[in-house]
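# Using only what follows, build the 3D model:
(chains A and B)
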Amino acid sequence: MDYSNFLIMNHEISLVVVMILVLLADLFISNKKRFQYLAIGLFAIHTYLSFRWNIGDAESFGGMYITSDIHCFVKNFLNIGTFLVFLFAFEWNKTKNLSHCGEFYFITLSTLFGMYLMISSGDFLLFYIGLETASIPMATLVAFNKKEQDSPEAAAKYVLTAAFSSGVMLFGISLIYGTCGSLYFFDVMENFTPSPLHIMATIFFMAGLGFKISLVPFHLWTADTYQGAPTPVTAFLSVISKGAAAFAMFCIIVKAFANYPEAWERFLWWIIVITITVGNLFAIRQKNLKRFLAFSSISQAGYIMLGVYAATPQGMAATVFYLFIYMFTNLAAFGVISSIENKTGKLMMNDYNGLYDTNPKLAFVMMLAMFSLGGIPVFAGFFSKFFIFASAMQLGEYVLVFIALLNTVISLFYYLLVVKAMFINKSETPIAKFKSDPMTRLGLIVCTLGILVLGLISPIYEYIQSISFGM
Amino acid sequence: MSMPLECYLVVSTLLFFIGVYGFIVRKSLISILMSIELILNAVNINFVAFNRFLYPDQLEGFIYSLFVIVIAAAETAVAISIIINVYRAKKNIDVKSINQLKN
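Below is the predicted model:
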């Protein structure tokens, strides 16, 4: 066996080393508070190192594993996102989960490892293995609060739909194997025959993947799972897992299905329209903030799919930039929610009435996150939406972009409901003034900087565009 | 005289849709899990049949079905442990009992 194949897998190998060290440290360090600092520190070293590697375009294992600058960029920002989730989880681990926090770190990292493989796959086999390595530990993360009523229920819903959806996706892959005779993306692209069987296979495959990105009509698990899971896990699920799946879907469309767009274009068009609209309309009537963000993230997934639908280099740049901004924005919202939940246990929207009077800083961060999610100018969310609309506009999809724009207006309404609750509504019993712990504060500062600054620094988008590829 | 490919595909398609039907209508979480296993077995039949009849000189389909079996086992292990957790919390494993999460 030729071990030089492993030489380009820097990210994966470093992450595995971190995982093993965390596992060993969990065994031997009995002081769990110190262990938490160690785990976060190890992962921070991994995050820092992964920025320094310059691997370039390469492939190994006969084209099964592919990497390039854009793959590395996506892995790096997934690292940052996971790091922020760790910072937000610190307090939760300390107060509710101290004896099991080693498992939390280990399982989260193995989920991240699966996402790496999923992103870098050049073959349906590695893609499937990566997807399952990401989603099986994810189910155990959702079930983490096993003493409570909600967590097992959410986990049961998640694990059963995940297994079902990967079954549907596998059925599609088996039909692709039947029509193309190979499972490498490159060979699938070369050997395809424009037959109804190939179309059916593509649709089955995308339906399975649609469950993971929670596109409507495959979204039914989302709200319940997001609500029942522990809040840091919900943040991880809504940002990191969704981002990785969306980027992997983009790569597969470009690499395997690009020369026969008739098979998926109409399907994806309707999916995008329904996803954005249904996500928005259901978000309006949610009272629980985690459910609210679940539906908001469904509609955001629809916007992400606009870039995937374009499938051009510009579409990829817009998708990756959108995911990057969306990560900071959504994590800021979840950071505020989780720090308030840790202190008071309150999650409903009317609990947030009068938050500005008692905790002005948290209210300010939440307001920034909501403005950015809604796409109000100057904040980063506006620029990411702008680029993603521009990439779809380039294809001449005016109707699609118009529907998406209309939906942005609807989404502003419900995002501003949260802002109104915090700033305008008065409350008899507002959330008392409290000081969140330093880790959460650090995470919130990073997120705030991301929201305020990233949209204005144009080199970032230009860098992403210079390394993007497409059909 | 061996059976043609179509026979295998009919069996696998039937299995797949029986699995989908079971996933939708069954009441117990364990039977839902069994329905998912049916779907995965349909996939395995597909892979092996395609490999044997259409591309007899390669092994990709066989290997893929091996991986599917292994990963399905891992998935079932996690799913069953979660179902046990549900049983501890609710004292039964009926789908109707997991309806606490709502707006």
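
# SS state for A:Glu59?
Using DSSP: H, G, I helix; E, B strand; the rest coil, the three-state assignment for A:Glu59 comes out as strand.

# How about it: which residues does it bridge to?
A:Ile66 (DSSP bridges).

# surely it meets A:Ser120?
No - using CB atoms under 8 Å, A:Glu59 makes no contact with A:Ser120, being 9.2 Å away. Heads up, the C-betas are built off the backbone N, CA and C, glycines and all.

# Which one's more surrounded, the two?
A:Ser120 (27 against 16; other CB atoms under 10 Å in any protein chain shown).

# distance of that one from chain B?
17 Å (CB to the nearest CB, to the nearest Å).

# give the contact list for A:Ala154.
Residues counted as contacts of A:Ala154 (CB atoms under 8 Å, 6 or more residues apart in numbering or on different chains) are A:Val142, A:Ala143, A:Asp224, A:Thr225, A:Tyr226, A:Gln227, A:Gly228, A:Ala229, B:Leu101.

# again, only this time at 7 Å
Neighbouring residues of A:Ala154 by CB atoms under 7 Å, 6 or more residues apart in numbering or on different chains: A:Val142, A:Asp224, A:Thr225, A:Gln227, A:Gly228, A:Ala229, B:Leu101.

# The nearest residue to the fifth one once chain neighbours are set aside sits in which helix or strand?
I take that to be A:Gly228. Leaving aside its chain neighbours, A:Gly228 sits nearest to A:Ala154 (2.6 Å; criterion: CB to CB, 6 or more residues apart in numbering or on different chains). Using DSSP states H and E, A:Ala154 falls within helix A:150-180.

# Give me the packing partners of the helix or strand just after that helix, helices and strands only.
Note on helix A:150-180: by DSSP H and E, the next helix or strand toward the C-terminus is helix A:185-191. Packed against helix A:185-191, as judged by 3 or more CB pairs under 7 Å, 6 or more residues apart in numbering or on different chains; DSSP states H and E, are the following elements: helix A:150-180, helix A:242-256.

# Residues of the stretch 101-250 of chain A that sit close to chain B?
A:125, A:129, A:132, A:136, A:139-140, A:143, A:146, A:149-150, A:152-157, A:159-160, A:163-164, A:167, A:170-171, A:174, A:177-178, A:181-183, A:224, A:227-228 (CB under 7 Å from any CB of the partner chain).

# Can you select the buried ones from those in PyMOL?
The PyMOL selection below is limited to those of those classed as buried (16 or more other CB atoms under 10 Å in any protein chain shown):
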select buried, chain A and resi 125+129+132+136+139+140+143+146+150+152+153+154+155+156+157+159+160+163+164+167+170+171+174+177+178+181+182+183+224+227+228
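
# returning to what we had before: which of the helices and strands packed on helix A:185-191 sits closest to A:Phe379?
helix A:242-256 (19.0 Å; CB to CB).

# what's next to that closest one, contact-wise?
A:74, A:78, A:115, A:118-119, A:127, A:134, A:185-186, A:188-189, A:209, A:212-214, A:297, A:301, A:304, A:308, A:311, A:316, A:319-320, A:323, A:327, A:469-471.

# now swap in stretch B:85-95 and tell me
A:143, A:146, A:149, A:152-153, A:156, B:27-30, B:83, B:97-98.

# out of the residues you listed, who's nearest A:Lys346?
A:Gln149 (17.8 Å).

# quick one: contacts for that closest one?
B:Ala89, B:Gln100.

# how about stretch A:219-229: buried residues?
For stretch A:219-229, by 16+ other CB under 10 Å, it's A:His219, A:Trp221, A:Thr222, A:Ala223, A:Asp224, A:Thr225, A:Tyr226, A:Gln227, A:Gly228, A:Ala229.

# and the closest residue to the first one other than its chain neighbours, what pLDDT?
What it means is A:His219. Counting by CB to CB, 6+ apart, A:Ile298 is the residue found nearest to A:His219 once chain neighbours are left out, at 5.2 Å. A:Ile298 is assigned a pLDDT of 94 by the prediction.

# And the helix or strand A:Ile298 falls within, what does it pack against?
Following DSSP H and E, one finds A:Ile298 within helix A:289-310. Helix A:289-310 makes packing contacts with helix A:220-228, helix A:242-256, helix A:265-284, helix A:313-344, helix A:380-394, helix A:398-423 when contacts are defined by 3+ CB pairs under 7 Å, 6+ apart.
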